[in-house]
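**Q** Quick one: sequence plus predicted model below, questions after.
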Amino acid sequence: MQYSNLGRTGLKVSQLCLGTMNFGPVTEEQEAFRIMDQALEDGINFFDTANVYGGRDHKGWTEEIIGRWFAQGGGRRARVVLATKVLRGMTPLDGPNNRGGLSAWKIRRHVEASLKRLQTDHIELYQMHHVDRNVSWDELWEAFEVLVYQGKIGYVGSSNFAGRDLMKAQAAAKERHFFGLVSEQHKYSLLCRLPELDVLPAARDLGIGVIPWSPLDGGLLGGNALKKISGSRSGGNAERVEKHRSQLESFAKLCKEIGESEDVVALAWLLANPAVTAPITGPRTPEQHKNSLRAVELQLDQQAMTKLDEIFPGPGGTAPEAYAW
């Protein structure tokens, strides 16, 4: 495994981040334990979760599973850079504050609940799951500052922020002499390249590490997508496969020429971008986890990168040059 600094921090994280969203609803607990044990053995020290993972009827289930895994001991907790997220309602709390969004009131309560479920006294990276433009940055930064000073969180990250939101957040943090954001978790893949317009350039300028979520675009860039367009296993991907069939077929052909699987090439393409810290993988089985490790070793040559640009065109560069003279 190879490691990168998390944004402009001195913290080293693995270049693949273990996503845990499937733990509970899709992957049963003992299988999740095996995946996490295998990830540590393979050198992955960066685990990502969220306080709502676990499904509609059991929000927090995934954090509970991770907590029980930590409780087994063996140095597990000390070896993991743990990331979780905050935003959603405060079930089972009733009333006007049980809604999606951010506030100092909610952040304080959410972090305590996550710490309890995760069976730990600190979280390395605490991320806002989405921007809330109805709340001032003075309120948010004050809440996060207190948690950092208490030692309950180490760093603050964001997710699904636009470039302008990153700039506003960092400007407000600078005024308070606070470190601000260290990472932005963003939807980014060969099939979703809009972040290249301004999110990635803004993140690079600000020293914010980009953590791509859905790097295989919901499995569409996986090796079996073209084979699973009928039956119950196709889920909602059948229409999307047909929409992108020509691209996916060209992609499969290129990957065959390279001699690597589609998922490995898609992850390696992300890692070739200097703005990217670590894509989030979401394995359902230990085998899927093992298959992703090759991406860290694969160096795509310029010919392959050019061909990928032809198959999956980006926005044409950064803003405004991508759409103006």
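**A** Great, that's in hand.

**Q** shaky segments in the stretch 151-300 of the chain?
**A** Judged by pLDDT under 70, the stretch 151-300 of the chain has its weakly predicted residues at 228-236.

**Q** So which residues of it form helices?
**A** Per DSSP state H, counting those that start in this stretch, the stretch 151-300 of the chain carries helices over the ranges 163-175, 199-206, 238-243, 245-258, 262-271, 286-292, 294-297.

**Q** May I see those organised as a markdown table, with mean neighbour count and distance to residue 183 added?
**A** Bear in mind the C-beta positions are built from the backbone N, C-alpha and C, glycine included. Output for the helices of the stretch 151-300 of the chain, formatted as a markdown table (neighbours: other C-beta atoms under 10 Å; distance: least, C-beta to C-beta, whole Å):
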| stretch | mean neighbour count | distance to residue 183 |
| --- | --- | --- |
| helix 163-175 | 17 | 10 |
| helix 199-206 | 20 | 9 |
| helix 238-243 | 14 | 28 |
| helix 245-258 | 16 | 28 |
| helix 262-271 | 23 | 15 |
| helix 286-292 | 17 | 20 |
| helix 294-297 | 17 | 19 |
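
**Q** In which helix or strand does residue 107 reside?
**A** helix 104-118 (DSSP states H and E).

**Q** follow-up on the earlier one: adding distance to residue 143, write the helices of the stretch 151-300 of the chain out as JSON lines.
**A** Compiled in JSON lines, those are given as follows (distance: least, C-beta to C-beta, whole Å):
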{"stretch": "helix 163-175", "distance to residue 143": "13"}
{"stretch": "helix 199-206", "distance to residue 143": "21"}
{"stretch": "helix 238-243", "distance to residue 143": "39"}
{"stretch": "helix 245-258", "distance to residue 143": "43"}
{"stretch": "helix 262-271", "distance to residue 143": "32"}
{"stretch": "helix 286-292", "distance to residue 143": "35"}
{"stretch": "helix 294-297", "distance to residue 143": "36"}
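
**Q** right, so of those, which gets closest to residue 188?
**A** Proximity to residue 188 (C-beta to C-beta) singles out helix 262-271 among those, at 6.9 Å.

**Q** What are the contacting residues of that closest one?
**A** 15-16, 188-190, 212, 215-216, 221-223, 225, 251-252, 254-255, 258, 260, 276, 279, 281, 291-292, 294-296, 298-300, 304-305, 308 (C-beta atoms under 8 Å, 6 or more residues apart in numbering).
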